[in-house]
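> Below is the sequence, then the predicted model.
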Amino acid sequence: MAPRRIAVLTGGGDAPGLNAVLRAVVKTAAGSLGWEVLGVADGFEGLFRRDGVMPMTLPTVRGILPRGGTVLGAASRGNPFGRKVMKDGKETVIDAIDEVAAKVRALRVDALICIGGDGTLQDARRLMALGCPIVGVPKTIDNDLAGTERTFGFDTAVATATDALDKLHTTAESHHRVMVLEVMGRNAGFIALHAGMAGGADMVLIPEIPFRWEALAAAVKRREAQGSKFSIAVVAEGAFPADGQPTVRVAGDALKGAKLGGIGNQMAARLEALTGLESRCTVLGHLQRGGSPTAYDRVLATRYGASAVRLVEAGKTGHLAALRGGEVVGIPLDDAAVRTRTADPAGEMVRTARGLGISFGDA
């Protein structure tokens, strides 16, 4: 079989483990199979730049396994299917899907490996519909992609949040405070749920379980009555009260949705008013995305990258490398990119947390 030519890009926000995927793609395709590998810079945006596509060889990926971020760059705001252009003297948004597809076809690749979350994979599905050969790799620290049991980056994000909770415990206990940690999680509360359990939180708020302020205040007061003069809470950015909506930090526009954030500070202020205990909030923000990936994420990302190349080798474009039953397999991309996976409010994780006395603010 003649050597093949593939391209790879990292779309959306960065996540620990992206470089591990790139390394595995290049080492498997170029190193073992003798294929040509092209890297597309800054997500789909690289397709629109003269210098946006570059060769990737074994020296290109040497030493990048433990590095966070992505050597190709990412573009979470650069949506090629909603590009800002000037028309009749006014800025307007156009759908450039046909132009993107033409640029992919012009690369003359056997497959474009798209590493990304729900937005990137939805874009990939649109390209598939126009005849572009696509293979997907699931990436998001939120762990909210359907079709796969785990996305790389999640384990590192949870470890970072857990470390923060460990540190907040000492200052909360010293000053008899309520300490609130706000983590990412727009629609799914997996980071908050896992970190809250691992970090010994007393309250966990997730988008899947709307809460009541009075119930949270009661949880703090119960701990105080039992002799605990401090409380620890972890809240996903998308969590919201039963009689309200998620807290919006920046309104959305035609290119991107609203940016959530602020629920942590709101929670600290309300709990201080309701309980009389001094309360503080720490917003973990992009720290969850940064730094060296954990060993688990390095291994998972490596398996995904190698699997993506094997899917191309087997002629299975239109598929996503996914973790199923502990094995990395290929599944139709349409099965994974059509819905968001969320935490089960009645599932084993939530039941375990409730049994430990963790309050979700709903009772």
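Yep, that arrived.
> where along this structure do the helices fall?
Assigned by DSSP state H, the helices in the chain fall at 18-26, 97-106, 118-129, 154-175, 190-198, 213-225, 263-275, 295-313, 333-336, 348-355.
> Which neighbouring elements make contact with the shortest one?
Right, the one you point to is helix 333-336. In this structure, helix 333-336 makes packing contacts with helix 118-129, strand 134-138, strand 319-324, judged by 3 or more Cβ pairs under 8 Å, 6 or more residues apart in numbering; DSSP states H and E. (Each C-beta comes from the backbone N, C-alpha and C, glycine too.)
> Could you point out which of the ones you listed sits nearest Thr162?
Closest approach to Thr162 among the helices and strands packed on helix 333-336 (Cβ to Cβ): strand 319-324, 21.5 Å.
> Quickly run through the sheet partners of the closest one, with directions.
Its sheet considered, strand 319-324 pairs with strand 134-138 (parallel), strand 327-332 (antiparallel) by DSSP bridges.
> tell me which residues in stretch 158-171 are buried?
Val158, Ala159, Thr160, Ala161, Thr162, Ala164, Leu165, Leu168, His169 (16 or more other Cβ atoms under 10 Å).
> Would you pull up how far that stretch lies from the middle of the chain?
20 Å (Cα atoms, centre = their mean, to the nearest Å).
> Can you list phi and psi of Ala74 for me?
Reported as degrees, to the nearest 10, the phi and psi values for Ala74 are phi -130, psi 160.
> mind listing what it touches?
Counting by Cβ atoms under 8 Å, 6 or more residues apart in numbering, Ala74 makes contact with Thr10, Gly11, Gly12, Gly13, Asp14, Leu18, Asp42, Gly43.
> Tell me who's in contact with the fifth one.
It refers to Asp14. By Cβ under 8 Å, 6+ apart, the contact list for Asp14 reads Gly68, Gly69, Thr70, Ala74, Arg289, Gly290.
> Okay, the third one and Thr10: tell me how far apart.
By that I understand Thr70. Using Cβ to Cβ, to the nearest Å, one gets 4 Å for the distance from Thr70 to Thr10.
> Now do the shared contacts for those two.
Shared contacts of Thr70 and Thr10 (Cβ under 8 Å, 6+ apart): Leu18, Leu22.
> Now the most centrally placed residue in the chain: closest residue in space that isn't a chain neighbour?
A centroid search over the chain (Cα atoms, centre = their mean) returns Thr140, at 2.4 Å, as the residue closest to the centre. Distances taken as Cβ to Cβ, 6 or more residues apart in numbering put Gly117 closest to Thr140, at 3.8 Å, once the chain neighbours are dropped.
> ok, that neighbour - how many residues close by?
A count of neighbours around Gly117, defined by other Cβ atoms under 10 Å, yields 23.
> Distance check, it against Gly318.
18 Å.
> before we move on, what about Val235?
38 Å.
> which one of the two has more residues nearby?
Each of Val235 and Gly318 has its neighbours counted (other Cβ under 10 Å); Val235 has more, 31 against 19.
> residues contacting the residue nearest to the more buried one when sequence neighbours are not counted?
Nearest residue to Val235, sequence neighbours excluded (Cβ to Cβ, 6+ apart): Leu205, at 4.1 Å. Contacts for Leu205 (Cβ under 8 Å, 6+ apart) come out as 189, 192, 211, 216, 233-236, 239, 263, 267, 360-361.
> can you check Val158 too?
Counting by Cβ under 8 Å, 6+ apart, Val158 touches Ile191, His194, Ala195, Ala198.
> And for Ala301?
Applying Cβ under 8 Å, 6+ apart, we find Ala301 in contact with Gly17, Leu18, Ala20, Val21, Ala24, Phe152, Pro293.
> ok, of these, which one's closest to Val309?
Val309 lies nearest to Ala24 out of the contacts of Ala301, by Cβ to Cβ, at 7.7 Å.
> mind checking how far that closest one is from Gly153?
For Ala24, the distance to Gly153 (Cβ to Cβ) stands at 15 Å.
> higher neighbour count, the two?
Gly153 (29 against 24).
> Correct me if wrong: the more buried one contacts Gly291.
No: in this structure, Gly153 is not within contact of Gly291 by Cβ atoms under 8 Å, at 10.8 Å.
> shared neighbours, those two?
Pro16.
> show me what contacts Ile134?
Counting by Cβ under 8 Å, 6+ apart, Ile134 touches Ala111, Leu112, Ile113, Cys114, Ala124, Arg125, Leu127, Met128, Thr317, Gly318, Leu333.
> domains of the protein?
Domain ranges of the chain: 5-152+293-324, 154-289+344-355, per automatic domain parsing.
> Export the ones you listed as CSV, with columns for mean pLDDT.
Output for those, formatted as CSV (pLDDT from 0 to 100):
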stretch, mean pLDDT
domain 5-152+293-324, 92
domain 154-289+344-355, 93
